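J.: can you look at this prediction? I've put the sequence above it.
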Amino acid sequence: MSPFRYTHKHHYIILVSLGLLTLLVRWPFQGPYLYDGDPVAYFVGAESLLNTGTYFIDGKIPFWPIGTSITLAPFVWFFQSVLNMNGEYASFWHGFLFAYLTVAFIYLIGKRLLDMQTGIIAAVLFSLAESPFLHSINAASDLGAIAMLTGAILFMLRFLDNQSPWQLLLSMFLLGAAIVFRWNYIFFIPLLFIYLVGDKRIWAFTLVPSFWILSALGFLLGIIPQLITNYSHYQNPFILGYSELDISSQFSFSPIIWSLNFIRILYRVLFTWDFYSPLLAFVGLFGIVSLWNKLRRDVFWWFVPWIVLGAGSVVYFGVKPRLLIPIMPPLFLIGGHGVSVVFAVAKKQLRNTKIPPRLALWVLGFFGVLVFLPIFSRTLITAHGHHQEKIQMQKVFRWVGENSDPETLIITQSEYAGQNHDWQRAGWDIWASKRYSNRNMASLSHPEYWKENENTLLVINEFWFQGENMRLDDTRETGQRFDSLKVARNMELIQEFVGKSEPLFLKKLNMLSFYPIDFMVYRPRFQVWKSR
């Protein structure tokens, strides 16, 4: 039997296998480490819910939605109270849960709309893609939101097949829940109604009133945690935490920038996507041609609005890899279908040879893996570097906290100090560096926050000041500021924390990819400097 000719009874085997794949590739990167600002905020919010029953972060009203903190809280409680372990382990398992749910939903959508083989390939692609991978091993909100969205679309598909009211209720509930994880999923509110109105199996306006009531009720149930939270903070359920910021600065209102962002999205999808290879777009073209020839307009009807609405928020906010996660499932499904088409053509050609069919399938599978592995190696290399950075960052800032006076000011790079413009306007100061050191932070990018006192330490990750890495953000400027600060304050190196380099086999494997990164060794090197 061909590896792809599964029957319905194999569903559980497929789902378990996808779960094992999603877990095993992430397993080396687990640990009690937080990184960046948003994940720390979500984690502190979860601690606040557990300890006080209220959603506050650092004693202030959050501008983050509550969804991630609500779902993190049970994980934190389980690790702290039941297993008596560091609650930060919860961030990894929380991310894995929603990564797996998304993978499972993508597989089920692919099987329902196209075929089982396409669903499996698309699910594997999403599981191994760089952006979902990186944000699933930290306490980020992205995977929770995309899991809710893909679940909502799956249950809408099921509703249109059987008109079960409970499937409609669940679909609208999950759409509301997606918004409670990430605000930009508001752009998807029209999506399910587009499906209801446009699908030929049912005309939405013939639905009995109870269906529309169920839709509204489901969406309300999904979003009600945020409405209650807003009311408790502002006595108005419709005021968001972003009212603390100048919201206009979050958006781009220039048609020129919109056009450029649209071109950037096209470039990323066609030439890099999340594997830094044009291979997926290339085989996806075969998938599009195949669907067009088969008159599968229903597939285009499901995928095009999904991609267009998802790209809308990216055009406004800027083309960041994590903001493209909402449109990855349909694009990976198209790419997965393209792989299936190429596989079917190759299998047909091999039938004309003397190669046994079973052997031919194994050969095709082997070469498919051989082509894909070097591309996937970039995901693992980047994840390894980020993981080492989290480990060493926690070590250095804990060490500083244990070996300095409480009034000590730590000057460090902006990615560790957390002094970006949005956070400054809101008065936030809750990044991982402060959590681990319990000391006040100042950024090399903002000299106006430096203080002229003797209790100042300088903590830098030298990795960002080396060679090719200096092209990122303002590292050249901060590097020069770091050098002048050492001289001006007569500082000496007192401690160093060095991470591990990427495994050599990953570096060699990556050299076979479309985007070799051998020029950059992602090895964090944290240094602590003190005035003599």
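T.: Nice, thanks for sending it over.
J.: can you count the residues close to E502?
T.: Applying other C-beta atoms under 10 Å, we find 22 residues neighbouring E502. Yep, even glycine has a C-beta here, placed from its N, CA and C like the rest.
J.: same check on L217?
T.: L217 is flanked by 15 other residues according to other C-beta under 10 Å.
J.: and the gap between the closest residue to it other than its chain neighbours and A216?
T.: Excluding the flanking residues, the one nearest L217 by C-beta to C-beta, 6 or more residues apart in numbering is L169, at 6.7 Å. Applying C-beta to C-beta, to the nearest Å, the value for L169 to A216 is 10 Å.
J.: one more: D483?
T.: For D483, the distance to A216 (C-beta to C-beta) stands at 61 Å.
J.: helices along the stretch 301-450 of the chain, start to end?
T.: If you assign secondary structure with DSSP state H, counting those that start in this stretch, the helices in the stretch 301-450 of the chain sit at 328-350, 357-402, 414-417, 421-426, 432-437.
J.: same for the last one, what does it pack against?
T.: This points to helix 432-437. helix 38-52, helix 357-402, strand 409-412, helix 414-417, strand 440-443 (3 or more C-beta pairs under 8 Å, 6 or more residues apart in numbering; DSSP states H and E).
J.: what's in contact with the last one?
T.: Same thing as strand 440-443. Residues outside strand 440-443 that contact it (C-beta atoms under 8 Å, 6 or more residues apart in numbering): 408-414, 416-419, 429, 431, 433-434, 449-451.
J.: same question, the third one
T.: Contact partners of strand 409-412, identified using C-beta under 8 Å, 6+ apart, comprise 397, 400, 404, 417, 433, 437, 439-444, 450-451, 453, 455-460, 485.
J.: ok, 6 Å please
T.: Residues outside strand 409-412 that contact it (C-beta atoms under 6 Å, 6 or more residues apart in numbering): 439-442, 451, 456-459.
J.: before we move on, the earlier item: now the helices of the stretch 301-450 of the chain in a markdown table, with mean pLDDT, mean neighbour count and distance to F465?
T.: Shown next, in a markdown table, are the helices of the stretch 301-450 of the chain (pLDDT from 0 to 100; neighbours: other C-beta atoms under 10 Å; distance: least, C-beta to C-beta, whole Å):
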| stretch | mean pLDDT | mean neighbour count | distance to F465 |
| --- | --- | --- | --- |
| helix 328-350 | 88 | 21 | 33 |
| helix 357-402 | 86 | 18 | 14 |
| helix 414-417 | 83 | 23 | 13 |
| helix 421-426 | 68 | 14 | 23 |
| helix 432-437 | 90 | 22 | 18 |
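J.: nearest to F63, of those helices?
T.: The closest of the helices of the stretch 301-450 of the chain to F63 is helix 421-426. By C-beta to C-beta, the value is 6.3 Å.
J.: neighbours around Y231, how many?
T.: Y231 sits with 13 neighbouring residues when counted by other C-beta under 10 Å.
J.: N162 too?
T.: The tally of other residues near N162 (other C-beta under 10 Å) stands at 8.
J.: can you pull the contacts of R112?
T.: Going by C-beta under 6 Å, 6+ apart, R112 touches L157.
J.: name the element it belongs to?
T.: R112 belongs to helix 89-113 when assigned by DSSP states H and E.
J.: next one: I263
T.: helix 255-267.
J.: C-terminal to that helix, what's the next element?
T.: As assigned by DSSP H and E, the chain's next helix or strand after helix 255-267 is helix 279-293.
J.: excluding sequence neighbours, find me the nearest residue to D274.
T.: D274 sits nearest to A129 (C-beta to C-beta, 6+ apart), 3.9 Å away.
J.: got phi/psi on the one you found?
T.: Dihedral angles of A129 (phi, psi; degrees, to the nearest 10) stand at phi -70, psi 150.
J.: just for the stretch 151-300 of the chain, where's the confidence low?
T.: 200-208, 242-253 (pLDDT under 70).
J.: what segments of it are helices?
T.: For the stretch 151-300 of the chain, the helices defined by DSSP H, counting those that start in this stretch occupy 165-181, 189-198, 209-234, 255-267, 279-293, 297-317.
J.: return the most buried member of those.
T.: For the helices of the stretch 151-300 of the chain, the stretch with the most neighbours on average is helix 165-181, a mean of 23; neighbours defined as mean count of other C-beta atoms under 10 Å.
J.: and that one, how far from the chain's centre?
T.: For helix 165-181, the separation from the chain centroid amounts to 20 Å (computed by C-alpha atoms, centre = their mean, to the nearest Å).
J.: show me what that helix is packed up against.
T.: If you count contacts as 3 or more C-beta pairs under 6 Å, 6 or more residues apart in numbering; DSSP states H and E, helix 165-181 packs onto helix 67-77, helix 142-162, helix 209-234.
J.: go with 8 Å
T.: helix 67-77, helix 142-162, helix 189-198, helix 209-234.
J.: returning to what we had before: among the contacts of strand 409-412, which pair sits farthest apart?
T.: Pairwise distances across those (C-beta to C-beta) peak at 15.5 Å, for the pair K451 and V459.
J.: okay, those two: which has more neighbours?
T.: The neighbour count for K451 versus V459, taken as other C-beta under 10 Å, is higher for V459 (26 against 11).
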